[in-house]
Structure formats: structure tokens, C-alpha cells
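> what's the 3D shape of this:
(4 chains)
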Protein chains: 2
Amino acid sequence: MSSIPPPAAKKPSDKAARLVDVAQLAQVSRATAARALGGYGTVGEDTLAKVLAAASQLNYRTNVIARSMRAGRSLTIGLVIADISNSFFDRATRAIIDTAAEHGYQVLVINTDDSLTAEIDAVRVLLEKRVDGLIVVPSSPHHHEHLVGGDSTVAPLVLLDRRIPELSVGTISTDDHHGAAAAVRLLVSRGHSRIGMLVATAAVAEPTSVRPNEAVSTVSDRVGGFIAAMGEAHLQYRADWVRYTSVDHAKSTLAAQQILENEDRPTAILATNADMTLAVMDACRTLNLVVGHDVSLIGFDDAVWARVFTPPITVVERPVYEMGRSAALNLIAQIDSRSARSESIAFPTELIERESVRDFRA
Amino acid sequence: MSSIPPPAAKKPSDKAARLVDVAQLAQVSRATAARALGGYGTVGEDTLAKVLAAASQLNYRTNVIARSMRAGRSLTIGLVIADISNSFFDRATRAIIDTAAEHGYQVLVINTDDSLTAEIDAVRVLLEKRVDGLIVVPSSPHHHEHLVGGDSTVAPLVLLDRRIPELSVGTISTDDHHGAAAAVRLLVSRGHSRIGMLVATAAVAEPTSVRPNEAVSTVSDRVGGFIAAMGEAHLQYRADWVRYTSVDHAKSTLAAQQILENEDRPTAILATNADMTLAVMDACRTLNLVVGHDVSLIGFDDAVWARVFTPPITVVERPVYEMGRSAALNLIAQIDSRSARSESIAFPTELIERESVRDFRA
DNA sequence: CTGAAAGCGCTAACAC
DNA sequence: GTGTTAGCGCTTTCAG
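Residues are numbered from 1 along each chain as shown, chains lettered A, B, ... in the order given. Below is the predicted model:
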């Protein structure tokens, strides 16, 4: 059986080996080589060995791009997110990437900075790259034309963190209304009646007390929960104790200062995300106010620094990793089943009591 | 010119429109349609309009995957990173994604958790997906076989954050030796002579005082800088004041406690990254030691919480965004020029003095 | 200025 | 168990 190998043209070693090169070296057809390497169909034992040997000798790597074109699926998903360097999104992204990888998918990530036009562009680019599905953190609670095509979504889709009421699509979020309300109730139970709030929202350029219309669902849920719990306790919502601001640290710190500078200031503040928590802390430092004494504080989203700070900060925690994992799993199920199942989950929040809330009952 | 449109088969509206569909609707050839849409070659004005109209009517999206196969380039780069949810890497990633996008590239991100096998897998997957280049945060200072193929790298490549001495390839890092030395010198200038160090490294499973061999360059640079500056000041390096630990918060806090629990403890500690800074702070809280008084502290990498903490933490800052941007720019230049230019940059670190270092001169 | 046709590298019927 | 072959959707000479 030791026939002399055909004097076929040697593959130039400076180019990546292709399936045909492997087949040639192994002296089989492309189909057989493909079967051997793809581990499907049936291949003779010795043939298999020959092909594998040839492949490794040539350092062959499947050209997934060609396979994708043929198969019509890229095994890639797109993630459209506000800001990967944000402490919530970075962890969610971690979960998404890892979960996707477990299922053979890789993730293309694009930041939008909460800009709708950036989001629209991102979706277009990702669709052109033929991602098999999309996980989007929508920047607007209303605009979703770029997400629908005809009578369904442009691609398998999962919304993360923020809901779009008019869009019936799988959404992974948290019960922020409840979370904010629970925080207020804790404050009330400790004897606080003068409660303020620092709200992060991209819907506003400069700090203001007037509630913006275009806020995403997390913002309106948290504000709604705050207002509901205040009403429930027959407490007054005071606009001068509330500020809406962008996440920018300088601006949000300024907003916190505006709330606290007044003689007639609140005894407690709810910060609607980690950046706002830091902003309140910074403002307190500047104004020489002691957190947990002069100003009680509850933040949204836990972080290591929150439990290390003096005093440790009480927070409304969200299951970030779980959320990301869920989003990925949901999307992959959608892709695999080709069905437009839009199962939504609103995870519960958890109030973690530490020492940043002063007790006024005495 | 109003010829009746041919009764050609209508494109089924449930499938994505292809170039040929557009061409058909516009009554031109595929080549012409491609030219019109690709904005190259020459196309008659009215033809152009017809094609554009057809494309928009069909909601046509270029199939970039087909284009990539044809063109041999994917306009995608791969990022292989230890952990996207880490406060250094998330910001670097932000810079990379945004910079890449400015140049028409998208980014596929994979985490390795500093595992070499995960890194090898990641590189293989990315190469199979035919990324045009790779930005890698290498998990090992030695193993780089998976990054080279023949006499050059497996693809255009830039190393981020960590150098691999034996691999001559463009690397974006910082002068960590100098950064650590500067921190020690500051401590010395404030009268400290008993100085410890908490070192984050994946090369160690449990906290230990013995310096691991396999540490990446950032670790050995920082430790080296520490040792050099100590020697320069004729100070003794005390192994019981030094701990190597994984970034895990519980473990690193334990390690910090081990350093501080001793009666004979150091008066100052250098923490080699943000996680270690937090670990020292947590340990101090547990042991009822006041940062900036009982224990002076200098951390690596700045963060908002570092300046908001009481006292604000003195840190060695690195230009994270610039580093990410540089890595992306360097890689894209490499891709575009097809030349193996491996320009490396070691950015300077900056010591930001705040209030966590007690002054013993008096 | 426009069209015809040859692939890019792979997979999946379909034959043998 | 293995080979033949027809494309996936696009770009790009090469003619006209």
C-alpha cells in the first residue's frame, strides 16, 4: 500500500492550510477530510488517523468564516451595552461571555454610552456581521424601530437590564421598583422622614430636580418605587432633595452637594447606582458631613468598596452575574429553537443592611 | 424608459435580501449593484440611484461574512484578557473597543482568568474565526508557543499590560518597576522603614510569603521595584511582611491580615493592585487598625472609591485608557501595513499623593 | 459605464 | 466508508 505520494504541488508554507491541503496530504477527498475533522458522518479508523495527522502536520485551522457562510450561522452573538467599564455592565458582560463560550459562541461587544444613534449603528454593524443573536441594553424606553423588522425582531434578541414596554421580547431585569421601595422602608423604619434621592440618568445633561421623560425603565422603576414607598409612609417627596444627573463623577458629586448644601437638608439619601453612591460619599467628604451619622445612605448595586468603607454602606444588591448568564442562556435557547420565545425574568433585589443608616428611634 | 418590470420571481420577504435581489429589483447586474453599494468603481448616476432605492426598499444589509471570506479579512480583532470585570481591564477594553470601532473594526472578547489553557483555547478559537489581529494579556511570562507560528506570530499581535521577554512583539505596558519604587521612596521620605507588600498573582493558590517563579511581568516588575527601592534606602525586605495571593477578596484579605496581625507589623503596605488595596482596607477594618494612622497604604491603579475613602488613598496611577487605545492603534497599524512592526510602549506611572500615608517625621 | 464569470473555503446531498 | 459536486453571497478581473 506504500504508493509513492503524488508529486502534487506542495502547499506554499507561508499561507494558511486549507481543507483541500489536508485532504491532499492525507490522500483523501475534501468531503472525507471534512468528516474526519468535523467529527460527523462515518470515517474509517485509519483514514481518520491519516487526516488528523495531516491536519496537525499542516497546522490546519478550520476557516470558521467559510463554515459560517455555508451554514448560515456565525456562532457569534452581539452585545450592545451602555459602557463596558461600568461596574454593573462589566460583571454582566463577564457572565455573558463565559456562558456563551460554554455553548460555543463568542461575543462581539459594542458600547453606546446610552446614545440611541450609537445603538442603532451598533445593531446595524452586528447584523451585517451576521451575529446569530443580540443582547441589548436599550438606551431608550421607546425607540425600538431598529430592533424590529417586519413582524418580529431583526434577530433573536434579549433585552438586558432595561425593559421596553411596547416591545414584547425576552427581557432580563430586576425588580427595581421593589428594591427602591424596600430601601425607603428601611429608612422609614429607622425613623427617617426627610429622604432625598440621587438619580443617574443619561436623559439629562446637567443636574436637575425635574424628572426627565425619556428615562429608561430602571430609572423610572427606582424613582417610582421611591415615590410609592414615600407615599405609603405619608412622607413628602421634596423636589429639592432629589437630583437627576449623568453618571459623570464631577456632575453627580455636584448634584449631591446641591441636595446636601441646604440647611434644610434630608437626613438620608437613596443613590440609584454605584456611581451615585460614590458621588454622595464624595459630596459628604467635601461638606464635612459624616456618612451614617449626618447623612444616611443606601446605594444600588454592591461592590467590594461598599463593604470596606467606613461605615460599610447599606445597598440594594442585584444578582448581576445571574442576570448576564440568564440573558445569554435565554438568547441561545432562542437561537437554537428558532422560535421566538420571549421569556422574561425580573430577578428580585436584595437589601443588604450594613452601617450607613443611622437609627433615629431612641 | 418605462419598460414593464420583468415578472421575475418575487423575493420571499421572509428571507434576508441578498445582493442579487437588489440587482434584480434595480435591473442591473450583481457587479453593478456591488459597485453602487460598495461605493467603488464607477456607476452611472441614475443607476446608482436605482440600486440605492432597491436596496433600501428591500432593507438590504451587506453580508459581511461573505465579504470577509472573499476579501480574506474580517475587520474583527480578538481580545484575550484575564477578566473583563476587573477594574483595570474593563477600562482598557473600553478603550480598545472604541478605538477599534473608529477604524471600522469590531472586537471579540474572551476571558482567561489567567489560565494558560484557557488562553491557548481562546487564541485558537479567535484564529479559526479569522480575526485580523489579536490583543493578548498573556497569562504566563514564558509560554508563548500558541502565539507564534513558524518565524512570526500567528497573526498581527499586541501584548497588553504584560511583557513576554522572549517574545519580540509590540507590547503596551507601564513602568511598574519605577511605579513601585516611587511608592516606596515616598514612604521612606515620610519616615517609614517597616514596609510590607501585598501582591496579587495568579501564580499562587493560597497566600504565601514565597515569591512564585511564574509571575507575569507586572508582578515581577512591581516586586522588583519594591525590592530595589528598599535596598536603595538600606531597608530590610522582610518576608513576613510580604504576601503573594490570588485576587480573590477573601483570600487576599486573609493575606493582608496575616501581615498585620503580628505585633511586629509594618507601618506601611504597598498593595500591587486595586483588589489588594481593598483587601488591606478590609483587613484593617477587621483588625481595628486605622488606615493612614496605624497602617499607611499605597495602592496601584486609581479608582473613584480611592479618592472618596476616608482617608483618600495614595495611589500609583496608570494611564489605562491610553494603554488600551495604544494597543488598538498599534495593532491596526500592524494589520494595515502587513508589516511586523512591533513597537512597544511602556507608559510612565504617576504617584498621586493623597492622605493614606502617615508622616513620621516630627 | 456595465455585465459575465470565476472563485474565497467549506459543507451536505447524493452517488458509488 | 468515501468521492463528486453544487452552492453559501460576495468581489473583482476581464471583456465589451
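> which residues touch the closest residue to residue A:316 other than its chain neighbours?
Leaving aside its chain neighbours, residue A:316 sits nearest to residue A:179 (4.2 Å; criterion: Cβ to Cβ, 6 or more residues apart in numbering or on different chains). The way it works is simple: take the backbone N, C-alpha and C, and place the C-beta from them, glycine included. Counting by Cβ atoms under 8 Å, 6 or more residues apart in numbering or on different chains, residue A:179 touches A:222, A:225, A:300, A:316, A:318, A:349, A:351.
> now intersect those with the strands, please.
Among those, the members falling in strands are A:300, A:316, A:351 (criterion: DSSP state E).
> and the first one, how far from chain B?
So the one you mean is residue A:300. Distance of residue A:300 to chain B, given as Cβ to the nearest Cβ, to the nearest Å: 15 Å.
> ditto for the last one
Taking Cβ to the nearest Cβ as the measure, residue A:351 falls 21 Å from chain B.
> hang on, the earlier thing: separate out the buried members of the contacts of residue A:179.
By neighbour count, with 16 or more other Cβ atoms under 10 Å in any protein chain shown, the contacts of residue A:179 hold A:222, A:225, A:300, A:316, A:318, A:349 as buried.
> show the subsequent helix or strand relative to the strand or helix carrying the residue nearest to residue A:316.
Using DSSP states H and E, the element containing residue A:179 is helix A:176-189. Counting by DSSP H and E, the element after helix A:176-189 in chain order, helix or strand, is strand A:195-200.
> ok, residues contacting that next one?
A:184, A:187-188, A:219, A:222-223, A:226, A:230, A:235, A:238, A:241-247, A:252, A:255-256, A:259, A:265-273, A:275-276, A:279-280.
> return it as CSV; C-alpha atoms alone will do.
Output of strand A:195-200 as CSV, limited to C-alpha atoms (Å, rounded to 0.1, in the frame of the first residue of the first chain):
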residue,chain,number,x,y,z
ILE,A,195,-35.4,61.4,52.5
GLY,A,196,-33.7,62.5,49.3
MET,A,197,-32.5,60.7,46.1
LEU,A,198,-29.7,61.0,43.7
VAL,A,199,-30.7,59.5,40.3
ALA,A,200,-28.3,58.6,37.5
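> pull the distance from it to the chain's centre.
23 Å (Cα atoms, centre = their mean, to the nearest Å).
> low-confidence stretches in chain A?
Residues of chain A that meet the criterion pLDDT under 70 lie in A:1-14, A:339-341.
> let's go with 90 and repeat that
Within chain A, the segments meeting pLDDT under 90 span A:1-16, A:24, A:31, A:34, A:38-46, A:149-152, A:214, A:262-263, A:337-343, A:361-362.
> strands of that one, start to end?
Going by DSSP E, chain A shows strands at A:76-81, A:106-111, A:133-136, A:148-149, A:152-153, A:157-160, A:171-174, A:195-200, A:242-245, A:268-271, A:296-300, A:314-317, A:345-347, A:350-352.
> return the most buried member of these.
Most buried of the strands of chain A by mean neighbour count (mean count of other Cβ atoms under 10 Å in any protein chain shown) is strand A:268-271; its value is a mean of 30.
> partner strands of it, parallel or antiparallel?
In the sheet, strand A:268-271 lines up against strand A:195-200 (parallel), strand A:296-300 (parallel) (DSSP bridges).
> could the ones you listed be laid out in CSV, adding distance to residue B:171?
Formatted as CSV, these follow (distance: least, Cβ to Cβ, whole Å):
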stretch, distance to residue B:171
strand A:195-200, 37
strand A:296-300, 38
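> out of the ones in strands among the contacts of residue A:179, which comes closest to DNA strand C?
Using Cβ to the nearest atom of the strand, residue A:300 comes nearest to DNA strand C of the ones in strands among the contacts of residue A:179, at 46.1 Å.
> next up, the contacts around the closest one.
Residue A:300 neighbours (Cβ under 8 Å, 6+ apart): A:176, A:179-180, A:222, A:271-274, A:276-277, A:315-316, A:318.
> bridging residues for it?
Applying DSSP bridges, one finds that residue A:300 bridges with residue A:316.
> how far away is it from residue B:131?
Distance, residue A:300 to residue B:131, by Cβ to Cβ, to the nearest Å: 37 Å.
> neighbours of the residue in the stretch 251-362 of chain A positioned nearest to DNA strand D, just the number please.
Going by Cβ to the nearest atom of the strand, DNA strand D is nearest to residue A:338 of the stretch 251-362 of chain A, at 16.0 Å. Using other Cβ atoms under 10 Å in any protein chain shown, residue A:338 has 8 neighbouring residues.
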